[in-house]
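Trainee: output the structure for:
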Amino acid sequence: MSYAKTICNEACHPDKSYIYIEALTPEYRRKVFNWSLKNGKTLKVPSVLPIVQAERGTSFIGPEEPRIVLNENNELILTFSMLDADKKRKIWRYNVSTGYQAALWTQNSLDLDKETKWTPFVKENKLHFVYSYKPLKILQCGTENEKCELVDGIGSSSSIGVLQGGTQLVEFRNTEYFVGIAFTKVSCSACGRFSRPHIIVLSTRFAKFRIVYVSEPLLLDNIPFFSGYSTFQNKNSPEFCNGQVRTLIPRSIIDWEWPNDKLSFTISVNDKRIYVVSIVGISRMVEDIISAIQSRYPEILSNGASGLRMVVNSETAALEYCEFITQKNMSDAESSLVDEQNNEKALIKTVINSPTYPTFRVATNAEGTVLNSRIESDYVNFGVIGRYLKEYESASGIPAKGTNIMIDAGGNHGTYGLYAASLNQSVHIFEVLADYVHVIQESIRINVDIGKLISLHPFGVSDVRGVWKVFPEGGLTRLEFLPPKSPEILIQEKLQNQASTLKLRDVKLIQVYPLDDFIFRKVSLMKIDVEGFEIRALKGSSRAIRMFGVGAVLIEIASTRWIRNNITIDEGIAVLKHVTFIGNYVPYIIARNDIECPVTQISQVQGLKDVKNLLMIDMKNGSLRAAPQIFRLNNWETIILHMQLNAWSCNFWLEKDPKNI
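Mentor: The predicted structure follows:
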């Protein structure tokens, strides 16, 4: 369930908000079905809910801030804020199963038309709301009418503090404790508006409501997609404080897997994008809190002062975190700005029009003729990708631009990602080298239309989360994992042991993540070129391939580099066989007219079949033609052993019929 303020065409009214509901399987696949409601009507899922809205001449109309709870009949109850016909913003209740909708009201002296971030929960089959945490105010609303009463707290106070709203509260394992995620809204010297989430535990024992735990701000700023969002957006905009995202606001708890103790909730980044975040270990933490209260701190349940101190402490921690993270980013930004100003003009030597169909513009830190030649030498790769993406889009039946996702792991100049974007794909490029990050950013800037479809992430991809050492080596890049020691000490030891002439500043530390941390839906194409880490990258994307589906994979393989990353030949072959099986792929090798992947020798390898009917787009005119120098594999062992023996480096193409995805 989500809501959006959107500018629509005839389908909906401009500048209204709507609540959209959809159902997902445990594998995050969308379920499409007709829901027979208790009122005799049928609701199509997914769809926009038929919530009655006031028709007024204002842009602030329609439901916002939706939360969802279950009532005693296991019916979905939505609560949301919305302007009423009297121009006052109110909290509404909407029963999805019956279609019943009503505005809530109270006779208490609470300014309900201003405060809209209520936190819903159901206790003893009655709908409750946390109206505020400081001071704690609890409203109880009737099931037969819309009247709400203040059952805990002082009604005359108008203050609500900086700890607010957030997700609904969910009952913790049939206890009298409820868990949710609120957020603080603070201002510090470097940031006038800053929000971060906090875990909340509320006790309802002995007919009293008491806050028994408030965490410090959850440290979510290093989540890959959040950092990628920061990288892609304009950090000089009001959405950022010294390059730091201003607001991370929790929206709804969507799942709590008890066996795995994984709590999943949605979170809004700068009110622009919604992500699903999962946290492991919350259940154990809550059990420890309950145990400590019962054995050592029973007075917390009878005295509300302890909860108030916890709220005050959380506000102080939020303010300190605001100061720390924005000041740290200011320092980082200043040094980064100096580097950018010194390097930006030097890095971008020229801009070329790509020798592809369709064409796009590419910035480069090399000579334009060099990059042009590189793209032309990969014409078969681009041609096969172009043909497949067109087939994939046609099979998906969704022509909207940016609907399908392409992953470019190891972006280099970003040419493959730019090409996929020119074919209407929503592209995520992963690149670890700062020089290429600057180049890709410039290409995104100058390609106004397709640049909007590209997100750039300055991370590496592997099978586990960790840190890479990046060593420049003879025009190439060598990547190694850091063992669990001090990064600076390890680098210094490495340089000393090798008697290297490299300076410490030449060695970069890069965060790496599995692609499975990013992918939660079908992917049209995945391109992997990660300097010997390709097997680890495949291992780190196996869940996405198996569970969600990846249409095709273009991957550069150089088996002689695997040993650097502790990958044996047998393990590499096993991973390639496994991915081919779970992806239901037909594997091909794309040979070239060079010594790194010589077609004359590859054509002689037993077990390879010369293919004449695999089509590609002609890079000159966009017509379809047979792709040359492509051989189908009968097994992985033979070709990988030949590559190891001859030190070949070749591109492989794995695809399945788009109609079967």
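
Trainee: centre of the chain to stretch 171-190, how far?
Mentor: On the basis of CA atoms, centre = their mean, to the nearest Å, stretch 171-190 is displaced by 22 Å from the centre of the chain it belongs to.

Trainee: actually stretch 355-369, sorry about that
Mentor: In this view, stretch 355-369 has its centroid 29 Å away from the chain centroid, taken as CA atoms, centre = their mean.

Trainee: helix, strand, or coil at Ile289?
Mentor: Classification of Ile289 using DSSP: H, G, I helix; E, B strand; the rest coil returns helix.

Trainee: could you do the one 3 residues further on as well?
Mentor: The three-state label given to Ala292 by three-state DSSP is helix.

Trainee: tell me who's in contact with it.
Mentor: Neighbour list for Ala292: empty [criterion: CB atoms under 8 Å, 6 or more residues apart in numbering]. (Each C-beta comes from the backbone N, C-alpha and C, glycine too.)

Trainee: any idea what Leu70 is bridged to?
Mentor: Going by DSSP bridges, Leu70 is paired in beta bridges with Leu76.

Trainee: quick check: it touching Asn95?
Mentor: No: with the criterion set as CB atoms under 8 Å, Leu70 and Asn95 do not qualify as a contacting pair; they are 10.9 Å apart.

Trainee: quickly list what's touching both of these two.
Mentor: Residues touching both Leu70 and Asn95 (CB under 8 Å, 6+ apart): 76-77.

Trainee: just want to know which of those two has more residues nearby.
Mentor: Between Leu70 and Asn95, counted using other CB atoms under 10 Å, the more crowded position is Asn95 (18 against 12).

Trainee: name the element Ser17 belongs to?
Mentor: Element membership of Ser17 [criterion: DSSP states H and E] is strand 16-21.

Trainee: my error: substitute Arg625 in the last question.
Mentor: Assigned by DSSP H and E, Arg625 belongs to strand 624-626.

Trainee: tell me how far Thr216 lies from Ser132.
Mentor: Not Thr; residue 216 is Glu. When distances are taken as CB to CB, to the nearest Å, Glu216 and Ser132 turn out to be 20 Å apart.

Trainee: hmm, back to that, ok, and what's touching the strand holding Arg625?
Mentor: 383, 387, 612-618.

Trainee: C-terminal to it, what's the next element?
Mentor: For strand 624-626, the following helix or strand on the C-terminal side (DSSP H and E) is strand 630-633.

Trainee: identify the residues contacting that next one?
Mentor: 380, 384, 586-591, 602-603, 605, 607-611, 614, 639, 653.

Trainee: give me that answer again for 10 Å
Mentor: With CB atoms under 10 Å, 6 or more residues apart in numbering as the contact definition, strand 630-633 has outside contacts at 380, 384, 576, 580, 586-591, 599, 602-603, 605, 607-614, 616, 639-640, 652-654.

Trainee: strands - which of the residues you listed land there?
Mentor: When DSSP state E defines the strands, the subset of the contacts of strand 630-633 inside them is 586-590, 608-610, 616, 652-654.

Trainee: buried among the residues you listed? Make that a ChimeraX selection.
Mentor: Those of the ones in strands among the contacts of strand 630-633 that count as buried under 16 or more other CB atoms under 10 Å are selected in ChimeraX with:
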select :586,587,588,589,590,608,616,652,653,654
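
Trainee: alright, calling it a day.
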